[in-house]
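Enquirer: what follows is a protein structure lacking sequence information:
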């Protein structure tokens, strides 16, 4: 982590990444694509996600979440910064000259070799089906449906663990503490995702938030009663309202997950209370 001389009040608490693990600053041009900014609006122009807008322009890095080039060893040639995610990405090159980006796990260095397949070695960066990974091994980049690519455990510091295997399913403990069943045919990558210090970054001032595309969040109590259920009143009075959204959805403990969600049948233990 990098700290700064406090020549302004906000500068005193700002921390940022020192990017010491980055080995290549210019992204691979063949693996870039445009990333249009929506400003939180849908196809009709209506605002559907608040607090989004502005920010620095950025291109999307095409990440290989499927790892479908089986039984061919690839060399790690660079570790790069990705503005679209909290984790680092690694640029790998296959013997035929093809280059791909993957999520960079902790401990993966330039010059290492990675491989994907059913019978590859159990080492950091290799991708295997859950059926071939021993119980207790730490994993990330986890598929939910075989062949559709990784959907779970993809952010910085993320790690899941295989707790048991039963029938056609593996019992996986998620970073949230939830234990769920996932088919043994699904692929996962061995190891823990790097850039562990990401959670310790303190933005410190409003400008850095705007640079990331995060617009201001105004408290409901600071609004008028016409704009928010918490608004209005004399002084700091809130009236008799329970904590809720601008549209009346209760907050703080109210469960919004559908009671008929079909994936509930695969959840063995729910995540602990208080974890979102």
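Expert: Okay, I see it. From a predicted model like this one, the values you see are computed outputs, not experimental measurements.
Enquirer: can I take it that residue 75 is in a strand?
Expert: Yes: applying DSSP: H, G, I helix; E, B strand; the rest coil, one finds residue 75 inside a strand.
Enquirer: helices or strands up against the host helix or strand of residue 189?
Expert: Per DSSP states H and E, residue 189 falls inside strand 187-190. Other elements packing on strand 187-190 under the criterion 3 or more C-beta pairs under 8 Å, 6 or more residues apart in numbering; DSSP states H and E are strand 127-129, strand 138-140, strand 142-143, strand 150-152. Any C-beta I mention is one placed from the backbone N, CA and C, and that applies to glycine too.
Enquirer: among those strands, which comes closest to residue 54?
Expert: Proximity to residue 54, assessed across those by C-beta to C-beta, is greatest for strand 150-152 (28.8 Å).
Enquirer: quick one: average pLDDT of the closest one?
Expert: Looking at strand 150-152 alone, the average pLDDT works out to 97.
Enquirer: show me where the protein has helices.
Expert: Taking DSSP state H as the test, the helices found in the chain are 206-211.
Enquirer: can you pull out the low-pLDDT segments for the protein?
Expert: For the chain, the stretches flagged by pLDDT under 70 are 239, 274-276.
Enquirer: using the centroid of the chain, identify the residue furthest from it.
Expert: Relative to the mean C-alpha coordinate of the chain, counting by C-alpha atoms, centre = their mean, the farthest residue is residue 234 (42.1 Å).
Enquirer: that older thread, note down every partner strand of the strand holding residue 189 and its orientation.
Expert: Using DSSP bridges, the strands paired with strand 187-190 are strand 127-129 (antiparallel), strand 138-140 (antiparallel).
Enquirer: and it, how far out from the chain's middle?
Expert: Put simply, strand 187-190 sits 16 Å off its chain's centre (C-alpha atoms, centre = their mean, to the nearest Å).
Enquirer: quick one: residues in contact with that strand.
Expert: Under the criterion C-beta atoms under 8 Å, 6 or more residues apart in numbering, residues 66-67, 102-103, 105, 116, 122-130, 133, 137-143, 146, 150, 160 lie in contact with strand 187-190.
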